[in-house]
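[1] Kindly return the folded structure for what I paste below:
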Amino acid sequence: MRSAKENVHLVVLQHGLWGIAENLSFLESELLRVVASTKPSMSVKTLNSNASEKKKTYDGIDVCGERLITLIKERIETLASEESCIVTHLSFIGYSMGGLITRYVVGKLEWEGSFSKDGFTPVNFITIATPHLGSWRPSKGFRDTMFNGLVTSISSWSGYHVS
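    Purely as a prediction, here's the structure:
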């Protein structure tokens, strides 16, 4: 059934807090340039996420992650219907808070069974400058207390999630 269509490796790129898709456009173009020069065994397509840009990144890791999942599913459907491609492999690249968003997405896709025997093959999970351990500072004085309070208040739910 899959052999009727071209198998594709989809690489998803997600920017960070206050970001836009354009923040990762150079990385996307370089990735595609390098892939083209190596003549891979399968086609590589990208999805440079615009699902949660600028102030929408304040909505929280989970909300941004759900938006990204929707965008991924739409991209997969578009590739299947317009380009006769079937996504068989998935990779993720997240920059800063985008790494937390993609981590949420990978977990949710795993929970949904997307990486099961008949699903996608996960290939790479890459994060760049991502605060996996949070951004909370041990309170050693007034400045640290202020920082911890400001992170959550300035960054809304997203700041709460990383603190």
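
[2] ranges for the helices of the chain?
    25-38, 61-83, 97-112, 142-154, 156-162 (DSSP state H).

[3] need these in a markdown table with mean neighbour count, distance to G16 and mean pLDDT, can you?
    Every residue, glycine included, has its C-beta placed from N, CA and C. Below are the helices of the chain laid out as a markdown table (neighbours: other Cβ atoms under 10 Å; distance: least, Cβ to Cβ, whole Å; pLDDT from 0 to 100):
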| stretch | mean neighbour count | distance to G16 | mean pLDDT |
| --- | --- | --- | --- |
| helix 25-38 | 12 | 12 | 96 |
| helix 61-83 | 17 | 10 | 97 |
| helix 97-112 | 21 | 4 | 97 |
| helix 142-154 | 13 | 14 | 64 |
| helix 156-162 | 19 | 10 | 56 |
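
[4] so what's the closest residue to I76 other than its chain neighbours scoring on pLDDT?
    Leaving aside its chain neighbours, I76 sits nearest to V87 (4.8 Å; criterion: Cβ to Cβ, 6 or more residues apart in numbering). pLDDT recorded at V87 is 97.

[5] for the one 3 residues further on, same thing?
    According to the per-residue confidence, L90 scores 98 in pLDDT.

[6] what's the spacing between it and T102?
    Relative to T102, L90 is positioned 10 Å away (criterion: Cβ to Cβ, to the nearest Å).

[7] Overlap in contacts, these two.
    Taking Cβ atoms under 8 Å, 6 or more residues apart in numbering as the criterion, L90 and T102 both touch V12.

[8] ok, I126 touching S91?
    Yes: assessed by Cβ atoms under 8 Å, I126 is found in contact with S91 at 7.5 Å.
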